[in-house]
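A.B. asks: have a look at this prediction, sequence included:
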Amino acid sequence: MWLRSGILAFVCLFMAQVMHSQDCNLHVSGKIVDAENELPISYSVVTVKGTNKGAYSDSLGNFHIDGLCKGTFTLVCSRIGFNVQEKQIQVEDDVEVDFNLVFNPSVFRAIDIVGEFVQDKSIQVQIELKGRELFQTRGNNLGESLKNVTGVTTLNTGAGISKPAIHGLHSNRVLILNNGIRQEGQQWGNEHAPEIDPFIADKITVVKGASSLRYGSDAIAGVILTEPRELGKHEGLSGEVNFVGMSNGRQGIASAFIEFSPKKIKGLSARIQGTLKQGGNFSTPNYFLKNTGIKEHNYSADVQYQRKRFKIQLYYSQFNTQIGILSASHIGNLTDLRRAIASDVPLETSGFSYAIVRPNQQIEHELFKAKSEIDLKSFGKLSFVYARQYNIRQEYDKHKPLNDSLAALSRPALQLEITTHTADVIWEKKTKGAWKHTAGINGLHQANTYTGRFFIPNYYNNGLGAFFIEQWHRKKWTFEGGLRYDVRDLRVFLYENKNWNTFEHNYSQLSASVVGQYNLNEKWNFTLQTGSAWRPPQTSELYINGLHHGASAIENGNRNLTEERAYSTIANVQFPNKRFNLEVSPYINYINGYIFLAPTGAPTLTIRGAFPTFQYEQTNALLHGVDINTSMSVIEHLSLRWKTALVRTQNVATKEFLYGTPADRHELKCEYQFKDKSHLKETYFSISGMYVNKQWRVSDVLDYMPTPKAYFLINAEFTAAAFIGKQRINFGVSVNNLLNESYRDYMNRFRYYADEIGRNAALRINIPILIHK
Amino acid sequence: MKKSKSICISSLLLALFTIGISSCKKDEEKPSTPTPTVNEEELITTFTITFTDAAGIHQAVEATFRDTDGEGGNPPTTFDNIVLQSNTTYNASISLLNESVTPAEDITSEIEEEGDEHIFCFEQTNVNITITRTDSDGTYGIGLTSDWTTSDASNGTVLISLKHQPGVKNGTCEPGETDIELLFNVEVQ
């Protein structure tokens, strides 16, 4: 009886809370334009006075705030370089409000204002790349685009292949989302870059720490989100055209998209996007890197139909690339490697060429996504997402088979195909003022096959996860916490000792996260985030067996590996101010069962000679460090920015350093903003110097050559917005490695064979298109 | 008007959905289906060098290196020593096989065909043997056949390597990639 009353009381309470918020699901949206020329102003802040609500406007000047109750409010709109504008509005139903901001150059701040409102996103420690900063990276691949985010470095295989690393961790420890879908390819490979075209994104976010419960359990170091511009925010025809030219490698990149919202069919909008890229051999200050060309062609299509309470979206994207692999890096054996290391210059050099010959990689990645959202008013919002990904990766070895008929087939030496289906059901609900509930279920089904040389076996991978996240806000405090439970089943089909054997691995684990944020006086902002994430061992870590040509080592899997579990804590102290801005993020990550390649001590004898042999092992690892980002305006229009990223790692069992930890880096940038003229606005010039220390925290046993020396690079950049009549054209010129320094980087696997690339000058042009119908 | 609009939209979306699903590329294989050819890559699993006395006095000598499953996996099953008689000239002949497939594939003829891209190298330590290549690709020697002239009794090693030098063959062992590198123990009795 008590139980029944208890349940009834609980249900009533729940219903009461759900019903009570009936009136607080109203929206305010609108557009922010320049009062003088009516051009949209991007990335302004609109807040609702006296509440915790607000939003940023997107690249088209549109903003959208929801969760408002009926009543009268004052909206405050502010932006660097413009006077603040306030508007009083009466909210009975959904409302549209536009702002016309008046230009005022003395409203100058070095840094954007940090919103004192609860944004429609998590409070986890994160950095966003958007607007001008994103424009400055256009033409680069995803890894290189994120290099300027403090705490992010790249793991390179030459200049053409970059994998983003958060606090030194990468591959299976960093979750990358492609338009909201977990990117599933062969991301375990050190030479496998993420197959995502950065041009599809309007905003790229790096979330740090092991706390992302929403997308999976395995974001041990963090999550990288690539988000396209929201559809349906603009009537008529709009779009963008981008051109990028780079001197090193003589790269040409063109990317454009067209968006269409027909006036006649209200709620329908569509976008078509495409990117073409071609580059030839890169060059170091002293020689060309033979066979390092790149070809890429990508396209995507997005269709959305939105009514008041219902939205359906279909998205398709394709990514195709062919990447030349440095000829000098494909070597026969250890003797060859030692000769390569002993030589100052790669053993194979060439002139410039666009031709891509063997060895090379060819990859294609397809994504199909279907999403529907239903607004259940007081019951919240329900989303259903289904996605299918197909990834095919072909590796063409340096030499064709000796047999002529086999050679004529021109097959890749190794081919991997992986198909992944994912399905998600997410429920979200914001209540009056304080709470935001999120819960969901994620499912995954994956099939992987190989053809040619054995590297990793065929397998089926299935996963199911359920999570809930609660966010609570009151005055200066915000809390976010959640739990997630995942079940995973891996079935492997392995051919060994002349038999086909099936192996099964099961995992089921919890993950958790708690984040607290305190806003002091609009001056200081403190965030403390702690969480526990886990990941199952990858098929490659369990079953790999054979010679890893690029590494000149025999690698053996370990079928006894268990899950890796990370306990991470990250703090963020932010002091955003007109003249001075500081952001410090110290972090610590303890990984139980950290999986890594350990030298076995005894070399393996093969027909090519002896190779050092490595075996996947598990240990406990401790990683800690700090990301520092600070800027200050020295005099009006001149600002200085300083960035530092330090990472320390340790194998707790042996007290040795972990292999592959990025070295300490520091950057100082000096930026000057010119006065806006009638046809040239937002004009910036900056010069920066970056110092990367020698990574001396290494264990000699794991490396063939000493780590590279420290290096210092100077970069310069100029960006501006030109106006031809009302048409805005963003353009920029950048020069990286201005002094054409010769250097090598510890995190580049090609450091055994060649230097990093020399001076690279780039020209970027971006033309936003706006045609009213 | 409204009804036909929603029908129009629904059919448009349905069409796109169908196109999307059907035009997607597919993997023809299933993971549970055994991959037809386990080792498509061409391996050299077996290296045999046969020495025949030019004068016909001493017995023929054979030395083999065999690692049937290629790099990694099981260790090599055979790695013989070379035992030669002193003060003798031997005609040496190398044969290469891929024994990971049945029937075993003869790689020697492939090397011969692409003689202008290959060279065998012989590096001796502590043994007094004069080794000269006796075959040719037209310009340079290949080394599938060679003459080994021994002098006094000694004990040492001979490093036999096969270098793949497409487009860069110049008669020396410098350029190219090493496909075979075997350190044989050699005893001259």
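C.D. replies: Perfect, thanks for sending it. Model, not experiment: these values are computed from the prediction. Residues are numbered from 1 along each chain as shown, chains lettered A, B, ... in the order given.
A.B. asks: now do the same contact list for residue 98.
C.D. replies: Picking chain A for this. When contacts are counted by Cβ atoms under 8 Å, 6 or more residues apart in numbering or on different chains, A:Asp98 touches A:30-33. Using the backbone N, CA and C atoms, a C-beta is placed for each residue, glycine as well.
A.B. asks: wait, chain B
C.D. replies: Counting by Cβ under 8 Å, 6+ apart, B:Asn98 makes contact with B:42-46, B:104-105, B:107.
A.B. asks: A:Asn651 and A:Ala621 touch, don't they?
C.D. replies: Yes. Counting by Cβ atoms under 8 Å, A:Asn651 does reach A:Ala621; the two are 5.9 Å apart.
A.B. asks: who has more neighbours out of these two?
C.D. replies: Taking neighbours as other Cβ atoms under 10 Å in any protein chain shown, A:Asn651 and A:Ala621 compare with A:Ala621 leading, 22 against 19.
A.B. asks: got a list of what that one touches?
C.D. replies: A:590-591, A:594, A:596, A:649-652, A:658.
A.B. asks: again, only using 6 Å
C.D. replies: Applying Cβ atoms under 6 Å, 6 or more residues apart in numbering or on different chains to A:Ala621 gives the contacts A:591, A:594, A:651, A:658.
A.B. asks: also A:Asn248?
C.D. replies: Counted by Cβ under 6 Å, 6+ apart, A:Asn248 has contacts A:282, A:757, A:760.
A.B. asks: now, of these, which are buried?
C.D. replies: A:282, A:757, A:760 (16 or more other Cβ atoms under 10 Å in any protein chain shown).
A.B. asks: now do the contacts for the residue lying closest to B:Gly141 once chain neighbours are set aside.
C.D. replies: Nearest-residue entry for B:Gly141: B:Arg133, 3.2 Å, with adjacent residues in sequence omitted and distances by Cβ to Cβ, 6 or more residues apart in numbering or on different chains. Contact analysis of B:Arg133 by Cβ under 6 Å, 6+ apart lists B:141, B:143, B:146.
A.B. asks: of those, which belong to helices?
C.D. replies: Among the contacts of B:Arg133, DSSP state H puts none in helices.
A.B. asks: which one of these sits in the busiest neighbourhood?
C.D. replies: When neighbours are counted by other Cβ under 10 Å, B:Gly143 leads the contacts of B:Arg133 with 26 neighbours.
A.B. asks: count the residues that sit near the closest residue to it other than its chain neighbours.
C.D. replies: Nearest residue to B:Gly143, sequence neighbours excluded (Cβ to Cβ, 6+ apart): B:Phe120, at 2.7 Å. Here the number of neighbours of B:Phe120 (other Cβ under 10 Å) works out to 23.
A.B. asks: tell me the bridge partners for B:Phe120.
C.D. replies: B:Phe120 forms beta bridges with B:Leu162, as assigned by DSSP bridges.
A.B. asks: confidence score at the residue most central in space within chain A?
C.D. replies: For chain A, the residue nearest the mean C-alpha position is A:Ile224 (3.0 Å; Cα atoms, centre = their mean). Looking at A:Ile224, its pLDDT is 96.
A.B. asks: what of A:Arg474?
C.D. replies: Reported pLDDT for A:Arg474: 83.
A.B. asks: gap between it and chain B?
C.D. replies: To chain B, A:Arg474 is 42 Å away according to Cβ to the nearest Cβ, to the nearest Å.
A.B. asks: and the spatially closest residue to that residue that is not a sequence neighbour, how far from A:Arg214?
C.D. replies: Nearest residue to A:Arg474, sequence neighbours excluded (Cβ to Cβ, 6+ apart): A:Ala434, at 5.9 Å. Computed as Cβ to Cβ, to the nearest Å, the A:Ala434 to A:Arg214 distance reads 20 Å.
A.B. asks: any weak-confidence spans in chain B?
C.D. replies: By pLDDT under 70, the weakly predicted segments of chain B are B:1-23, B:35-41.
A.B. asks: what ranges do the helices span in chain B?
C.D. replies: B:2-23, B:108-113.
A.B. asks: so which bits of stretch A:699-717 are buried?
C.D. replies: The neighbour-count check on stretch A:699-717 (16+ other Cβ under 10 Å) flags A:702, A:707-708, A:711, A:713, A:715, A:717 as buried.
A.B. asks: closest to chain B among those residues?
C.D. replies: Nearest to chain B among the buried residues of stretch A:699-717 is A:Leu702, at 19.1 Å by Cβ to the nearest Cβ.
A.B. asks: which parts of the stretch 351-500 of chain A sit against chain B?
C.D. replies: A:366, A:368, A:390, A:401-403, A:413, A:417, A:419, A:447, A:449, A:452-453, A:458-460, A:493, A:495, A:500 (Cβ under 6 Å from any Cβ of the partner chain).
A.B. asks: get me the contact residues on chain A for chain B.
C.D. replies: So chain A meets chain B at A:303, A:305, A:314, A:316, A:332-333, A:335-336, A:366, A:368, A:390, A:401-403, A:413, A:417, A:419, A:447, A:449, A:452-453, A:458-460, A:493, A:495, A:500, A:545-547, A:554, A:605-609 (Cβ under 6 Å from any Cβ).
A.B. asks: please parse chain B into its domains.
C.D. replies: B:1-29, B:46-188 (automatic domain parsing).
A.B. asks: which one of these is the most hemmed in?
C.D. replies: domain B:46-188 (a mean of 17; mean count of other Cβ atoms under 10 Å in any protein chain shown).
A.B. asks: endpoints of that domain, how far apart?
C.D. replies: Length of domain B:46-188, first residue to last, Cα to Cα, to the nearest Å: 24 Å.
A.B. asks: burial check on the closest residue to chain B within the stretch 551-700 of chain A, number of neighbours?
C.D. replies: Relative to chain B, the nearest point of the stretch 551-700 of chain A is A:Gly609 (3.7 Å; Cβ to the nearest Cβ). Other residues lying near A:Gly609 total 20 when counted by other Cβ under 10 Å.
A.B. asks: now do the residue lying closest to it once chain neighbours are set aside against B:Glu71, distance only.
C.D. replies: Leaving out its chain neighbours, the residue that sits closest to A:Gly609 by Cβ to Cβ, 6+ apart is B:Glu181, at 3.7 Å. Separation of B:Glu181 from B:Glu71 (Cβ to Cβ): 12 Å.
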